[in-house]
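Colleague: Dropping a prediction and its sequence here:
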Amino acid sequence: MFKQLTLLALLLIVLSVDAQEYDQRISLKNPSFEGFAAQSVVPMRWFDCGNINFPSESAPDTHPGGFWEVLSPPADGSTYLGMVARDNDSWESVSQRLSEYLVAGNCYAFSIKLAKSTIYKSQSQKTGLMDDYTTPLVFKIWGGNVNCSKAELLAELGPVTNLKWKQYEVKMEPNQSHQFITFEAFYETPILFPYNGNVLVDDASDFVQVPCNEPVDLTEATKPLEKEAPIAVAEKPQPKPKKPDVKEPAEKVEEVKEEVKEEVVAEIPVVKEKPKKPVLKEEPKEKITEALDKETIVEGQTIKIENLYFRADTSSINFESLPALDELYTFLQENSSIKVEVGGHTNGVPPDSYCDKLSKARAKAVADYIIDKGIGKDRISYVGYGKRYPIATNDTKEGRKKNQRVEIKILSLGK
């Protein structure tokens, strides 16, 4: 009897290992993009990357509300996400933090429903006239370790030409570990000129860890988990009614002991393997902006943020700049009494109005980034100084490059 129960327990363990092939799931918050249907409002729990990349542009839309003449019904739930790319070289994307890391070297299955609206009326950013944003776009999935980071392209789907919802499935193997995911609408490449297009997004699945070197049914792997019928043998046995306290022969006592032993064997717990956590190597970091030092700064001091780069003529921060911004965030996080002003500056070539607008947008992009990471709004202000305060000549390329900068001013050291 004991051997039979031992074999049964081992069989249960083997079966449970097979059953957990699609068990390790990394979930999204609001994967069905539910919210209040409204134009230029992203669904709940999603972050609009336009706040960082294109602060002067409107946010993606939560459909269907009848605006832009988009009438497609949802694929799941009550609402879905609509994103566009524009003819002025701007595009939309949303981001959020995952429940766990996508771990480098592991493989994941993922699915999402995409479509293209037959009509998506909006104003052309290039001509100012009404246009139909109906040229197909591709849908990109990026991984990173901060909202909207594009550290690694995990998948590219499309171009999305289908007018009815279609489930797109992908198997991905990240080379880096990521805890943030970004969904981006982008032009089909290569392109000669930016164009107006749309993509509709709904019903995203969990990221499900799957074997890397074996064929995987992606449709099956990304199905939502269903409640399984409990296995009676694996359940914790219910306590039996107490028997009357009657003295019985020793042989009977031995039988009772054996029953208890059998139940314990059948109760061997199934230990499910957890996804590997990333090993984050702590390496000494070189300081980027040397002047960020609590011991030496004084109120009123102005400090240039080093290694901060923007796309030409925009306030879109290049991702090479994130280490410098993260250093500033860490400095403010560790010195919670310090308040700063972020000031944007340009070179002296463009007109005053253009310089004022661009410098303010760039200062705002930096401030928004720090605030989004958790620094209070009451500790950061921003201003665009345009070309009023050059620190070098505007007659040379090197001088203009020095003038085009973002600085922080120490407003208060606090207590």
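Modeller: Good, I have the coordinates.

Colleague: Might you report the residue contacts of K402?
Modeller: Neighbour list for K402: 391-392 [criterion: C-beta atoms under 8 Å, 6 or more residues apart in numbering]. All C-beta spots, glycine's among them, are computed from the backbone N, C-alpha and C.

Colleague: Just confirm it is within a helix.
Modeller: Yes: assignment of K402 by DSSP: H, G, I helix; E, B strand; the rest coil places it within a helix.

Colleague: So for it, what's the pLDDT?
Modeller: On pLDDT, K402 comes in at 93.

Colleague: repeat for K126
Modeller: 80.

Colleague: Now for it: which residues touch it?
Modeller: 86-88.

Colleague: now, which of those residues sits nearest C148?
Modeller: Ranked by distance to C148 (C-beta to C-beta), these are led by R86 at 17.5 Å.

Colleague: Next one: the closest one relative to K150, how far apart?
Modeller: In this view, R86 and K150 are 18 Å apart by C-beta to C-beta, to the nearest Å.

Colleague: Between those two, tell me which one has more neighbours.
Modeller: Higher neighbour count among R86 and K150: R86, with 23 against 16, using other C-beta atoms under 10 Å.

Colleague: for that one, what are its contacts?
Modeller: R86 touches 57, 124-126, 133, 194, 196, counting by C-beta under 8 Å, 6+ apart.

Colleague: how about 7 Å then?
Modeller: Neighbouring residues of R86 by C-beta atoms under 7 Å, 6 or more residues apart in numbering: 125, 194, 196.

Colleague: mind giving me CSV with these and columns for distance to A392 and secondary structure?
Modeller: Shown next, in CSV, are the contacts of R86 (distance: C-beta to C-beta, whole Å; DSSP: H, G, I helix; E, B strand; the rest coil):
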residue, distance to A392, secondary structure
Q125, 33, coil
P194, 33, coil
N196, 40, coil
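
Colleague: Which of these ranks first by neighbour count?
Modeller: Each of the contacts of R86 was scored for neighbours by other C-beta under 10 Å, and N196 scores highest at 21 neighbours.

Colleague: That one - nearest residue in space that isn't next to it in sequence?
Modeller: Leaving aside its sequence neighbours, N196 sits nearest to Y133 (C-beta to C-beta, 6 or more residues apart in numbering; 4.1 Å).

Colleague: quick one: contacts of stretch 47-58?
Modeller: 40, 42, 59-60, 90, 92-96, 147-148, 182, 315-317, 361, 364-365, 368-369.

Colleague: Any of those residues buried? List them.
Modeller: 42, 59-60, 90, 92-96, 147-148, 182, 315-317, 361, 364-365, 368-369 (16 or more other C-beta atoms under 10 Å).

Colleague: From those residues, which land in strands?
Modeller: 93-96, 182 (DSSP state E).

Colleague: circling back: give me the subset of the contacts of stretch 47-58 lying in helices.
Modeller: Counting by DSSP state H, the contacts of stretch 47-58 place 361, 364-365, 368-369 in helices.

Colleague: which residues of the stretch 1-150 of the chain score low on pLDDT?
Modeller: 1-23 (pLDDT under 70).

Colleague: where do the helices sit along it?
Modeller: Using DSSP state H, counting those that start in this stretch, the helices assigned to the stretch 1-150 of the chain run over residues 2-19, 50-53.

Colleague: do the stretch 151-300 of the chain as well
Modeller: Along the stretch 151-300 of the chain, counting by DSSP H, counting those that start in this stretch, helices occupy 218-221, 250-266.

Colleague: By mean pLDDT, show me the worst of these.
Modeller: helix 250-266 (a mean of 44).

Colleague: which element follows that helix toward the C-terminus?
Modeller: strand 302-304 (DSSP states H and E).

Colleague: Summarise which helices and strands the helix or strand following that next one is packed against.
Modeller: Heading C-terminal from strand 302-304, the first helix or strand you meet, by DSSP H and E, is helix 322-334. Judged by 3 or more C-beta pairs under 7 Å, 6 or more residues apart in numbering; DSSP states H and E, the packing partners of helix 322-334 are helix 352-372.
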